[in-house]
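Visitor: any chance you can model this:
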Amino acid sequence: SKGWDIATASSGKEAILRAEDVLFDVIVSDMRMPEMNGAELLGVFEERFSSTVRILLTGYSDIEVLGAAINEAHIYNYLAKPWDDSMLTEIISGALRFRESEQDRLRLEELTKVQNIKLGKLALLLNNRVKERAMEVDQALALLEDAHSKSQESLLDSVAVINHILEWKEGRAHGQSQFVTYYSVEIAKQLRFSQIDIDTVRLAALLHRVGMLGLPDKLRTKPIYNFTEEERLAYQQYPLWGERSIKH
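Guide: Numbering: from 1, shown residues only. Purely as a prediction, here's the structure:
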């Protein structure tokens with residue numbers, strides 16, 4: 001229904017062979033597969049097909065190896081099984097937007113390099129020729145700034161989707177992340193933070209609960225005061241899952 005062209009593979013080796021013939025925008029891999037697991041497969045993609053955005057499907061028992069996938073394969077996102085189809089669709093849509101923004105960024109960086117080479121030559125030309133080329137550079141920089149702005153907007157949109165997913169999975173819509181974000185930004189303004197630091201505070205506040213996605217459903221929906229000691233210790237690990245998720 002999204003109009004995506006989809007190819008499937010029954011093993012990691014088959015996926016690698018297909019990628020040698022077709023440049024894929026996104027790969028979604030299961031963790032547990034014969035011959036090579038999902039973390040190893042996405043590590044190969046990170047090395048050989050780095051422009052392909054990498055997503056991993058994991059079970060709760062795969063959490064121990066998830067850190068390696070995040071650190072070594074530089075995965076874009078992961079989703080615990082069993083997943084909700086709408087959640088998977090949102091994550092893939094976000095990956096495609098990220099891929100498109102990366103293509104724009106690389107294209108504009110190449111344009112900027114070309115313009116810089118031109119500037120070196122223009123130093124030897126007449127003043128009016130220098131001004132003409134300088135206008136081209138200004139246009140390139142304006143495009144680059146616009147692409148960066150769109151990339152930031154795409155990131156904030158993706159984070160907003162993650163927070164909505166958390167609330168859906170918890171069965172309530174309390175807007176807790178929006179509440180924390182609002183007051184964090186207000187405090188940063190009162191402390192006279194720079195705009196860059198205020199934007200960083202805003203993003204950090206939006207992301208502060210992302211690690212909850214690494215917890216089993218029963219812990220996200222169960223009141224904390226009813227936790228067993230074992231459940232409480234597991235719940236307290238969610239900031240670590242969040243750190244691993246957004247490290248890159």
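Visitor: over to residue 29. Which of the three states is it?
Guide: Under DSSP: H, G, I helix; E, B strand; the rest coil, residue 29 falls in the strand class.
Visitor: would you map the strands across the protein?
Guide: 26-30, 53-58, 77-80 (DSSP state E).
Visitor: quick check, central residue of this structure?
Guide: Centroid-nearest residue in the chain: residue 76, 4.7 Å away (criterion: Cα atoms, centre = their mean).
Visitor: ok, it - contacts?
Guide: 53-55, 95, 98 (Cβ atoms under 8 Å, 6 or more residues apart in numbering). The C-beta positions use only the backbone N, C-alpha and C, and glycine is treated the same way.
Visitor: once you drop chain neighbours, what's closest to it?
Guide: residue 53 (4.7 Å; Cβ to Cβ, 6 or more residues apart in numbering).
Visitor: would you agree the one you found is in contact with residue 95?
Guide: Yes - taking contacts as Cβ atoms under 8 Å, residue 53 lies within contact range of residue 95: 4.2 Å.
Visitor: overlap of the contact sets of those two?
Guide: 25-26, 76.
Visitor: next one: phi and psi at residue 216?
Guide: Backbone geometry at residue 216, expressed as degrees, to the nearest 10, gives phi -60, psi 150.
Visitor: ugh, typo on my part, it should be residue 82
Guide: phi -80, psi 140.
Visitor: state the distance from it to residue 58.
Guide: Per Cβ to Cβ, to the nearest Å, residue 82 is found 11 Å from residue 58.
Visitor: now swap in residue 205 and tell me
Guide: 26 Å.
Visitor: just residue 101 next, same as before
Guide: From residue 101 to residue 58 the distance is 26 Å (Cβ to Cβ).
Visitor: the two: who's more crowded?
Guide: residue 58 (22 against 18; other Cβ atoms under 10 Å).
Visitor: how about the contacts of residue 76 in TSV, adding pLDDT and distance to residue 241?
Guide: As requested, the contacts of residue 76 are exported to TSV (pLDDT from 0 to 100; distance: Cβ to Cβ, whole Å):
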residue	pLDDT	distance to residue 241
53	91	20
54	90	18
55	90	16
95	88	19
98	86	21
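Visitor: low-confidence ranges in this protein?
Guide: 60-65, 68, 120-134, 136-154, 163-174, 248 (pLDDT under 70).
Visitor: residue 13 reaches residue 34, doesn't it?
Guide: No - using Cβ under 8 Å, residue 13 is not in contact with residue 34, being 9.4 Å away.
Visitor: and these two? Which one has more around it.
Guide: Looking at residue 13 and residue 34 with other Cβ under 10 Å, you find the greater number of neighbours at residue 13, namely 15 against 9.
Visitor: so the residue nearest to residue 184 when sequence neighbours are not counted versus residue 11, what's the distance?
Guide: Counting by Cβ to Cβ, 6+ apart, residue 184 lies nearest to residue 205, which is 4.2 Å off, once chain neighbours are set aside. Shown here: residue 205 relative to residue 11, a distance of 42 Å by Cβ to Cβ.
Visitor: ditto for residue 59
Guide: 18 Å.
Visitor: one more: residue 22?
Guide: Residue 22 sits 17 Å away from residue 11, going by Cβ to Cβ.
Visitor: next, count neighbours for residue 85.
Guide: Neighbours of residue 85 using other Cβ under 10 Å come to 7.
Visitor: please apply the same query to residue 209.
Guide: 20.
Visitor: that one against residue 175, yeah?
Guide: No - counting by Cβ under 8 Å, residue 209 does not reach residue 175; the two are 11.6 Å apart.
Visitor: which stretches in this structure count as helices?
Guide: Under the criterion DSSP state H, helices of the chain are mapped to 12-21, 38-48, 63-72, 85-122, 127-170, 176-190, 195-207, 217-221, 229-235, 238-246.
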